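Participant: Sharing a sequence plus its predicted fold:
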Amino acid sequence: DAGVIQSPRHEVTEMGQEVTLRCKPISGHDYLFWYRQTMMRGLELLIYFNNNVPIDDSGMPEDRFSAKMPNASFSTLKIQPSEPRDSAVYFCASSFRGVQFFGPGTRLTVL
Amino acid sequence: AQSVTQLGSHVSVSEGALVLLRCNYSSSVPPYLFWYVQYPNQGLQLLLKYTSAATLVKGINGFEAEFKKSETSFHLTKPSAHMSDAAEYFCAVSDRNTDKLIFGTGTRLQVFP
């Protein structure tokens, strides 16, 4: 298996623009997690899904953030409109039987 | 509620020296415990996990950790540090009911020649 796949790996955008981050989990994994990592705040859990259903979105910082998982092999995290303080590395992880596997991350820069 | 405390945000050792990274947990139920490593510009990678079998858990790259219930600890050790061990290390706990992990704040390991 190729592991968790994230795209794009780098994204530079201007304030106010819509940003969509994509994730393909490992086949057969039943959980999917979205994290954000910054120097100031460390690693934060934003939202997670179980069998494509959102379970806990309490970590989503604002209504500007939304996440979907239309099927078992794809998820998106959308920020609309983006702001400079959203600049961070966003990780997707999938898991099966308790072990999470992380993707390489998307480095987002909002100018 | 579960939580994890990693003592020491930065640890520096000489190459060949013992590595000891500390992790204490809080959990009202028997926990699952994990150590992850993050190399620069990469995602987190599983080093090892404790799931209530043997209390001494061996992981990749020569690392191991010992679960001590009486001390609520799960410290990570390696007998001899290598330059390639320089990275950030995260301890995490889960409650077994979901795959959600509670991560510590991380410890950055520096290895000097």
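Facilitator: That came in fine, so what should we check first?
Participant: Enumerate the beta-bridge partners assigned to B:Arg108.
Facilitator: B:His10, B:Glu88 (DSSP bridges).
Participant: Look at it and report its pLDDT.
Facilitator: At B:Arg108, the pLDDT value in this model is 97.
Participant: who's in contact with it?
Facilitator: The contact partners of B:Arg108, by Cβ atoms under 8 Å, 6 or more residues apart in numbering or on different chains, come to B:Ser9, B:His10, B:Val11, B:Ala87, B:Glu88, B:Tyr89. All C-beta spots, glycine's among them, are computed from the backbone N, C-alpha and C.
Participant: Just flag the most distant two among those residues.
Facilitator: B:Ser9 and B:Ala87 (13.7 Å; Cβ to Cβ).
Participant: When these two are compared, which one has more neighbours?
Facilitator: B:Ala87 (21 against 12; other Cβ atoms under 10 Å in any protein chain shown).
Participant: separation between the closest residue to chain A within chain B and A:Ser94?
Facilitator: Closest contact between chain B and chain A, by Cβ to the nearest Cβ, is at B:Gly43 (3.5 Å). Applying Cβ to Cβ, to the nearest Å, the value for B:Gly43 to A:Ser94 is 11 Å.
Participant: Number of residues surrounding the nearest residue to the residue of chain B closest to chain A once chain neighbours are set aside?
Facilitator: Among residues not flanking B:Gly43 along the chain, A:Phe102 sits closest, at 3.5 Å (Cβ to Cβ, 6 or more residues apart in numbering or on different chains). By other Cβ under 10 Å, 22 other residues sit near A:Phe102.
Participant: residues contacting A:Phe102?
Facilitator: Counting by Cβ under 8 Å, 6+ apart, A:Phe102 makes contact with A:Val4, A:Phe91, A:Cys92, A:Ala93, B:Tyr36, B:Gly43, B:Leu44, B:Gln45.
Participant: Could you tell me which residues make contact with the residue positioned nearest the centre of chain A?
Facilitator: Centroid check for chain A by Cα atoms, centre = their mean gives A:Trp34 as the closest residue, at 3.6 Å. By Cβ under 8 Å, 6+ apart, the contact set of A:Trp34 is A:Cys23, A:Leu45, A:Leu46, A:Ile47, A:Tyr48, A:Ala67, A:Ser75, A:Leu77, A:Tyr90, A:Phe91, A:Cys92.
Participant: Show me what it bridges to in the sheet.
Facilitator: Assessed by DSSP bridges, A:Trp34 has beta-bridge partners A:Ile47, A:Cys92.
Participant: excluding its backbone neighbours, what's nearest A:Gln17?
Facilitator: Closest to A:Gln17 by Cβ to Cβ, 6+ apart is A:Ser82, at 5.5 Å.
Participant: what's residue 95 sitting at in phi/psi?
Facilitator: You didn't say which chain, so I picked chain A. For A:Ser95, the backbone dihedrals are phi -150, psi 160 (criterion: degrees, to the nearest 10).
Participant: all strands for chain A, in order.
Facilitator: Shown for chain A, the strands assigned by DSSP state E span residues A:5-7, A:10-13, A:19-24, A:31-38, A:42-50, A:53-56, A:65-71, A:74-79, A:88-96, A:99-102, A:106-110.
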